[in-house]
Structure formats: structure tokens, C-alpha cells
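Chemist: Any chance you can model this:
(2 chains)
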Amino acid sequence: MTSKIFIMIPFIKYKNIFLILTALAVVASAAAIAYFGLKPGVEFTGGSVLQIEYAGERPANGVISEKIAPLGLKDVSLYAEGDKSVIIRTETLDETKHAGLLNALDATGQFTEKSFETIGPVVGKELTDKMTVLVLISLLAMLVYIAVAFRNVPGPVSSWQYGVASFFILSHDVLVSLGIFAALGALYGVQITIPIITALLTVVGYAINNVIVVYDRVRENLLRDHKADFAEISNRAVNQTLSRQINTSVATLLPVFAIYFWAGASLKYFALALILGIVTGTYSSVFLASQLLVVWMGWRNKKVRK
Amino acid sequence: MLSFANPIMKKNYWFPLSFILVLAVVSAAFCFPQYVNQGIDAANSRLNWSVPHLPDKQFTLGLDVKGGVHLEYQADLSQVPENDRATVMAGVKDLIDRRINSYGVTEPQIQVSGQNRLVVELPGIESIQQAIDWIGATPWLQFSEQRSQEETDKILAKIKEVQDKVKEAQDKKTDPQAAMQSVPDYQLALQNPYFKDTELTGKYLEKATLNFDQNTSQPIVELQFNGDGAKIFEQVTGRNVDKPLAIYLDGLSIIDTNGDGKIDNSDLYAPKVIQKISGGKAQITGISSVEEAKTLVKRLNEGALPVPLGQPISQEKIGPTLGAVSFDQTVQAGIWGFLMVVIFMVLYYRLSGVLASVALALYTVVLLAIFKLMGVTMSLAGIGGFILSIGMAVDANVLIFSRMKEEIEAGKSLAAAIEEGFRRAWPAIRDGNFTTIVVALILFFLGTSFVKGFAATLIWGIMLSMYSAIVVTRTFLRVLADTKLGKWLWFWKPLA
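Modeler: Residues are numbered from 1 along each chain as shown, chains lettered A, B, ... in the order given. You can find the predicted model right below:
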């Protein structure tokens, strides 16, 4: 077909290696989530976050905790931010307690209040439920969309199988990203906040593009070439789309890295979640998407033969 | 759809090219109207024209950029019947609107969210406490009667006395507060000189309803007082026949009577009492418009059925410096992100990459103009979504260029490769963008402000990116492929 010799990387031939690697990553992520747990942000648990910036040098955390200890606030934790700022997380504070906290902090040095946030426990609970539902709805919506968009696909694998495979791939992307955040939470106290969930949902919408590009190629190859083996057709599809997968990921990662390095602190972990999602999404579109279909078809054929 | 692939029409690119150009220029003009307006000024003065200025509309910036207070309240609607809840919440919103406006906040955002939530956003406010006190207070409806001439004169005289003292103190640079308090009975000067409170308050009002006069079809507001209210109303109207009865909500006129858009001491809503009214039912007639009658009913009912908001269930305060710093940083990140994508595209895709980069620049300008004109809120998350969409916008180009490369390698001519590349890449572009929009829409309807801002910019970005790839890049490719450059295939082929 092509005038050049096209180097085919045998992605499908070594599918078992990739599937085992993926399985290990999934197990490791699940273990990280189970072992470390995800640290939910105040928007999910309820609580208050105060960020202050000192005019001069920031006092040691010990000095600050000592001054606010008499207030008897629960769940207090302190984080240094930049050179002069401190982030103080506590239980949900009302305005009186908020003012009391600021008063107590006056003794630690001159500062300005940069931001203050309070979320009641009711709102937090609601949001957790809402977010869980949202992630599931997004994944299912993708499954249905693929099943419908590929309804005319010819060949040995039916359209709903493309849908179900996409569902697993996207779940894999989200799970691995969450697993890394669980580890980051244990190591650096990174919390799962609304921006991170938003980023992961965006990744669902983005990673599905990668999957679609491969499956679309499989579909096209099936239409052009009825006789070829499904495994071979899939392998060709992965190779044909490889440069696109890498280039698009690079093009998307460049601005996201820019957000990570240059944008304000509030977008840092948002960008990180996007980076993780884009990387896992690209990985799974190359090493997982068509491999899953081929393995699934193999299982069904074995059953039929029996 | 027009097709320019037809060989007879092959050279006719004027329509798409001029469309792209005009859209880009108009968008740029809306993004940076100050430069255009300077030009218009110069032209006007030199050529004696009178070309009007472009509207200098500002970007709608999010609270996290401007700094300010975000408060969320939950109204206790347990006493309110299910059917009336939406109306009651609309009333609560209106009430808070009124209070905030008299407080002088610029561009406040007050929204009902869900069944019983109220979200209040106050840009540029530093002290939360004052805002919370104000919003959380129970609405206070008061009917007031006219003072006797003697009383009015006495208060006016006292006001003058206090004002003189205060002025004197200001001239001498002594404490005006102390000067005021040195006047005997100075409290009198703080009172309304024309009206005084009666015993009749919102507590005695059962409800207000809108009706229409059967003969004149003029709007009428009907008041229904409760048992005690009926007796008090009878007494109050009895002693005020032929006199006005003023209605106040939260100490200010219930509606804006002089039509200046704000409610202050210059407004006074005081229907005249025609006769003594017993039985607890009354009508307000002679209302100028249905709109006014509706507002009146809404506010009377707020006073009759007060729904206090109490303490906020969540609040957020962002200092103005934090917002400004994060904004600058994020914009900088956007510029770097854009440049890096351009460099990558040019290095990898050569001439096609240059064209895609020009298309990307146009995309950015048009998208900014859309954000400005549609009033899409530019929160930090929104800007983040915008930056992300820059990367995603080149995806369609990447897909198309990959296909083009294959077609060129298969021995097709450049022109044919462009058409075939677009045709084959389209299903993947369509499906990919559509699914991303689906997820973005799901995000948008979740509703928290971070997510909303992000989802909104992402949706606009994806839709425009399809235009950018399908119309802009394609036209550029066709036009240049038709020139001598089209013969240098090397220029068009990607690196690998």
C-alpha cells in the first residue's frame, strides 16, 4: 500500500506484557488508595482554610500553633506556602471564631489575610455524593457514545464491546491518577480538591479522544480490508495513529506544564492531575485500547470453539 | 455546504479567506478596543468624521481574580408550603439584592441555587462580618404614619442644630461625633422628620396578592391582615383618614419611587388612606405599572413571611492581592503555553505547522472576543480551561496532518492529499470533540463556581477549535498549496 517500508512495532504481539504491566499499575494504584486513602479537601469534609502572608519573615509553625492553641480549635494543621505565607486548616469556623483566630495570630507578627474559606459539613457531604455520581455518569456516557458511534462497525468485535473496552480504559486512567494522588497525599499532604476532580473528569473527556482515534482507525481498516486478521488490523491501527497520539499529547502537555510551572498555586495540582491523566490516557490508547479488544475476541472465539 | 474542491471553482478562495480575515479583525478590535478607539479619534479629528467608538467592554473576571467575598446561605423553608418555595426564594433574592445595592457594592452576584440555597458574591469587599450581618438580618416591614406639623418642625429644627454643630466641629477640627452628642436630645435628629412608626408591622400582614380592577384593568395590590392585624389596621387607618401611610422595608422605602434605580431616603412610598378600613382586607390602587405592583407584592410578602438566612453555610474570601498575582501568573502561563505549542508545531510540521500556528493565533483572538462579548466569567479555572484548550485545539490539525502525510506517501498530489486528509480525519475529530463537550456539559451542570468557569471556557474552546481546524487551517492549506510553495513537498511533510 505504501511506497515506503513501514516499520511496524508489534504492539499486539506483546499484548500480554502490556496487559500485565497495566494490571500491576492498577493493583498498585488500588493498593495506594486503600492503604494511604485519599485526603479529601475541605470542600468535601467541611472545614475552614485561612491563608495569611506575613510582612516580614514567617514565624516557625511551632510559634503559630502555640498562639492559636488556647482557642481550642479542632483539626488544626499548618502548611508553609512560598516564603511568607502560611495556610491554616481547621474545623468549620463561624465569623466569631474566624475573628478570634485572626486576633490570636496578631501575636505572631504583622500579616495580611490573603484568603479565607469555610465550608459547612452539609455542603461537603452533598458535594462528595454529587462528584461520585458525576464521575460514573461521565464514564457511562462515554461507553454509550462509543457504542452508538461505532454501531456500524464491521467485523468480529461488536460496537458495545468497543464501548465497554473504552469504559475500562478510562477507569484505568482515572484510577492510576488517583493512586498517584493517594501517594502524593501520604508524602506531601496533597488533598483531593474540586480542581483535581475537575481535571480528572476533563481527562475522561480528553482520553476518550485518543481511544476514539485508534478505534476509528480499526474501523476504517476493517472497512478497507475484510480478510485480514483482526489482531493484525489492530496492530496496523496502533502504528498508524502512533505519531498523532504522541504529538497531540505533547501539544496538550506543553500548555499544561506552563500552568503547572507558572500559574498560581491554586492551579498547580489541577495541572498535575491533567498531566497524569494525559500521560496515562496516551499510554492506554497505545498499549491497552486495541490489546483489550484482541484479547476479548480471543476469549470469545475459544468459547465458541468449545 | 460550499465545496471548494471542485476544480472549476478551484481558485476561488476569496469568500472563506475574507470571512476568516474579517472575523479575526473584528475579534481583535473587540479584544483591544482602546487601540481601535485611539485610531478612530485620530481619524475623526483629521478627517472631520464622527465614527462612534467601539464599546470598551471589560472581561468578566471571576471572584478569585478580583478578590472579594463568596457566601452561600441555606434558607429555612420548613414553614413554607412546597408550592410557594420558588416564589419565597425569589423574594429572598430580591431582598438581599436590595440590601446589597444600598450597601454600594459594584457588580454583586446574587443567585438562587437549588431549592433553598442563595449564593452571594461581593467583589472587592474586605470585611466579611459586615456583609454577613447585613444579609443574615430578618426582613423588617413597617407601616408608618405622618407626623404632625409640630413634630416635623421640631425634628427639622433639631437636625439643623446638629448639622451646624457638626460643621463647626469640622471647621475647628474637633471630634464631630462629640459635637453631635453635645446637642440636647440629639437622637431626635436621627429620626425621620415626616413619618413615625405605627404598631403595624409585617408580623400582622398575612399576605399580599396581585389583582386587577375589573373595570379599568389597572393593577391592584390586595392586603390580607391576620386577626390582631385587622384590629390594628382599623385603628391606624381610623386615625389617618386622608393622610398617607408610608411602607418601609428594612428602614427604606419599599420600592424605588423616583425611578433613579436605587432606593434611598429620597424615595417614599405612601398610599393615601381613603377611609377607615375594618375586616382586615385592604387594596392599594392607582399603581402605575404591573411591574411595580409585582415588586410591591413580592416585598410585602417578604415582610409578611420573613425567611431569615442566618449564618452562611459556606464562605470564601479572596484578598485582592492574591487574585491579582494569580491572574498575572496564569496569564503568563498562557503566553508561555501558546508559544511552546507554536514552536513545537513549526518544528515538527514545517509549513503546515506555521499555518496551524497562524490559525491558533486567530483562534485565541476570536475566543477572547467571544468570552468578552458573551460575558463568560474569567476565573482562574476558566483561564486554565482556556490554556488547556489551546493544546487541544491543535489536535484536529495534528490528526489532519498525519493523514495528509500518509496520502502524500501513497503518491497523491498535495491538493488531493489535503482533501483526503481532511475527509479521513473528520470522523475521529467529530467523535473526539463531541465526547469532550459531553463531559464538559456534565461538569457545567454540576454547578460549583470553579467547575462552571472551567467547563464554560472549555466548551467554547472546543467548538471554536473545530472551526479553526476545519475552516481556517484548511483554507490556508488550500491557498498555499495552489501557489509555487505547493511544489516543494518537503515543506509540507512532517518531521516523522
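
Chemist: Might you list the low-confidence residue ranges for the chain?
Modeler: Just so you know, I chose chain A. A:1-6, A:303-306 (pLDDT under 70).

Chemist: Wait, chain B was what I had in mind.
Modeler: Within chain B, the set of residues satisfying pLDDT under 70 comprises B:1-11, B:446-449, B:495-496.

Chemist: Quick check, central residue of it?
Modeler: B:Gln109 (6.4 Å; CA atoms, centre = their mean).

Chemist: tell me which residues form a beta bridge with that one?
Modeler: B:Glu121 (DSSP bridges).

Chemist: Quick check: the gap between it and B:Phe371.
Modeler: In this view, B:Gln109 and B:Phe371 are 17 Å apart by CB to CB, to the nearest Å. C-beta here means a position set from N, CA and C on the backbone, and glycine is covered the same way.

Chemist: Chain B - how does it break down into domains?
Modeler: Per automatic domain parsing, the structural domains of chain B span B:70-147+B:194-314, B:319-492.

Chemist: Buried deepest among those domains, which one?
Modeler: Mean neighbour count (mean count of other CB atoms under 10 Å in any protein chain shown) peaks for domain B:319-492 among those, with a mean of 21.

Chemist: Would you mind measuring the gap between the ends of that domain?
Modeler: End-to-end distance for domain B:319-492, by CA to CA, to the nearest Å: 51 Å.

Chemist: So chain A: which segments form each domain?
Modeler: When chain A is parsed with automatic domain parsing, its domains come out as A:15-41+A:123-305, A:47-118.

Chemist: pretty sure B:Ser314 is touching A:Val123, no?
Modeler: Yes. With contacts counted by CB atoms under 8 Å, B:Ser314 reaches A:Val123, the gap being 5.1 Å.

Chemist: Quickly list what's touching both of those two.
Modeler: B:Glu72 (CB atoms under 8 Å, 6 or more residues apart in numbering or on different chains).

Chemist: do stretch A:146-157 and chain B meet at all?
Modeler: Yes. Residues of stretch A:146-157 contacting chain B under CB under 8 Å from any CB of the partner chain: A:Ala149.

Chemist: now do the same end-to-end measure for that stretch.
Modeler: Span of stretch A:146-157 from end to end, CA to CA: 13 Å.

Chemist: How far off centre is stretch B:417-425?
Modeler: 43 Å (CA atoms, centre = their mean, to the nearest Å).

Chemist: Whether it contacts chain A - can you check?
Modeler: Yes. Against chain A, stretch B:417-425 shows contacts by CB under 8 Å from any CB at B:Arg424.

Chemist: Next up, the contacts around B:Gly337.
Modeler: A:Leu254, A:Pro255, A:Val256, A:Phe257, A:Ala258, A:Ile259, B:Ile387, B:Ile390, B:Gly391.

Chemist: Please list the members of those that lie in helices.
Modeler: A:Leu254, A:Pro255, A:Val256, A:Phe257, A:Ala258, A:Ile259, B:Ile387, B:Ile390, B:Gly391 (DSSP state H).

Chemist: Please name the spatially closest residue to B:Val92 (chain neighbours excluded).
Modeler: For B:Val92, ignoring the flanking residues on the chain, the nearest one in space by CB to CB, 6 or more residues apart in numbering or on different chains is B:Val307 at 5.3 Å.

Chemist: ok, now B:Gly68?
Modeler: The shortest distance from B:Gly68 to any residue other than its chain neighbours is 3.8 Å, reached at B:Pro123 (CB to CB, 6+ apart).

Chemist: ok, the one you found - contacts?
Modeler: B:Pro123 touches B:Leu63, B:Lys66, B:Gly67, B:Gly68, B:Val105, B:Thr106, B:Glu107, B:Pro108, counting by CB under 8 Å, 6+ apart.

Chemist: Just the element for residue 221, please.
Modeler: Going with chain A. If you go by DSSP states H and E, A:Asn221 is part of helix A:194-224.

Chemist: sorry, should have said chain B
Modeler: Assigned by DSSP H and E, B:Val221 falls in strand B:219-225.

Chemist: ok, now A:Leu184?
Modeler: Per DSSP H and E: helix A:159-188 holds A:Leu184.
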